[in-house]
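In: no FASTA, just this:
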Ligand code: LLP
């Protein structure tokens, strides 16, 4: 935010201000939640999360029909969100034994779980096979053969699709770009690897080949790379049919739709994304003379990021004349490592009087023993002092899920607000939790 500017409270449309002049999320008073649950605190508007699920789901039904939207639980996973995703009729993308276990414990139907990952261990695959997880997105040959053996041991078949690198350069941060050849994920199209593995899999007795998957990256604003990926994938489906008689009936185009972190960010509405992708897939399928596949999308960030904030209490304020002013808060890179990992940028509001004039440029710093532990560098904020509450916006994805105990800092609680009422989704860790596995 620039000096003197007043932030539009509906920057995140689940935020507002109440008669006490306090920030609200989903109608709940953020200062009261901070008093009740302590800080740092992740707060999510569950109604907004559910609305986001419906936007995708309705668009898929309206523009395509034969499709399924999975929530990519790596963005934010806990029992509560898995139950909510299930109630909203979403499928679920999991990428580890831990995410899978969480989903199963939440009662998520195994048929609707898609298991990803470039190095699933034998134990993880066993957990999936034993629980009849519907779809394994196979990343490599080692995994495929292991799966065939596990399925044989169990006396059944496993449904698989293949992670394909469509060779697309999506314009995002290098660390979250995944569709290009030089990526640890999946099989490349150009080199023939994708064709080879699909043909081979079709000869394995305990493998049912159902489809193909690609994920070109994350926080992407442009529709074009998704459309290009869809066309290339349909070409591949056509080639496999024409050359080898292998029918691939599912096309999973991954996630990656960008969200608004900064006032200038301008994401494409998600319904419009689905509409263009649906049109492209149908047209490409017609051109290649293949039946339009079942279409799968896996949004993570765009479901939860715009529904979450993190609330911190300000402690020390250090003004270095002529240099900068550090406003230190009671959290930081342990609950939000995205600045230190990707140089990610965020907006913030004061919880009391959020529309106050922003009269000073400060740097909001964390409390870890690390100079790079910054939440927001150079942001214009109203005057801040010890005890003030600050809300960092759009933190509903890849914050709690990437949090650590660095410096032995307990992870914050997660509160979900539904119909204006808060409920605890994840308890705050205690110091005893921190030492519970120490021997
Ligand atoms: N499907 C697959 C196979 C993925 O790898 C991912 C994200 C998604 C779906 C969901 O993508 P989304 O819709 O959330 O963009 N930690 C990074 C983001 C890593 C994304 C990894 N894969 C960050 O904080 O920006």
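Out: Nice, thanks for sending it over. Everything quoted here is computed from the prediction, not taken from an experiment.

In: And what about residue 259, helix, strand or coil?
Out: At residue 259 the chain is in coil, as set by DSSP: H, G, I helix; E, B strand; the rest coil.

In: residues in contact with the nearest residue to residue 232 once chain neighbours are set aside?
Out: Setting aside the residues directly before and after it, residue 232 is nearest to residue 166 in space (Cβ to Cβ, 6 or more residues apart in numbering), at 4.4 Å. No exception for glycine: its C-beta is placed from N, CA and C like everyone else's. By Cβ atoms under 8 Å, 6 or more residues apart in numbering, the residues touching residue 166 are 179, 189, 214, 216, 228-229, 232-233.

In: ok, now residue 212?
Out: Neighbour list for residue 212: 161-162, 164, 194, 198, 233, 236-237, 248, 250-252 [criterion: Cβ under 8 Å, 6+ apart].

In: Which residues of the stretch 251-400 of the chain lie near the ligand?
Out: 254-257, 298-302, 338, 342, 398 (Cβ under 6 Å from any ligand atom).

In: So which of those are in helices?
Out: Mapping these onto helices (DSSP state H) picks out 301-302, 338, 342.

In: Scan those residues and report the most crowded one.
Out: The most crowded member of these, judged by other Cβ atoms under 10 Å, is residue 302 (26 neighbours).

In: Touching, it and residue 260? I think so.
Out: No. Using Cβ atoms under 8 Å, residue 302 is not in contact with residue 260, being 9.8 Å away.

In: Overlap in contacts, the two.
Out: Contact criterion Cβ under 8 Å, 6+ apart; residues shared by residue 302 and residue 260: residue 267.

In: Show me which helix runs longest in the chain.
Out: In the chain, assigned by DSSP H, the helix with the most residues is helix 224-244.

In: Quick check: buried residues in that helix?
Out: Buried residues in helix 224-244, counted by 16 or more other Cβ atoms under 10 Å: 225-241.

In: related to what we said a few turns ago, could the residues of the stretch 251-400 of the chain next to the ligand be laid out in a markdown table, adding pLDDT?
Out: Output for those, formatted as a markdown table (pLDDT from 0 to 100):
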| residue | pLDDT |
| --- | --- |
| 254 | 96 |
| 255 | 96 |
| 256 | 95 |
| 257 | 95 |
| 298 | 97 |
| 299 | 98 |
| 300 | 98 |
| 301 | 98 |
| 302 | 97 |
| 338 | 98 |
| 342 | 96 |
| 398 | 98 |
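
In: And these, which is closest to residue 357?
Out: The shortest approach to residue 357 among those belongs to residue 338, at 27.8 Å (Cβ to Cβ).

In: what's the neighbour count on the nearest residue to that closest one once chain neighbours are set aside?
Out: Once flanking residues are discounted, residue 338 sits nearest to residue 344: 3.7 Å by Cβ to Cβ, 6+ apart. Residue 344 has 19 neighbours, counted by other Cβ under 10 Å.

In: quick revisit: please report how far the residue nearest to residue 232 lies from the ligand.
Out: Applying Cβ to the nearest ligand atom, to the nearest Å, the value for residue 166 to the ligand is 13 Å.

In: Let me know the pLDDT of that residue.
Out: As predicted, residue 166 sits at a pLDDT of 90.

In: how deep is residue 391 tucked in, by neighbour count?
Out: Residue 391 has 25 nearby residues by other Cβ under 10 Å.
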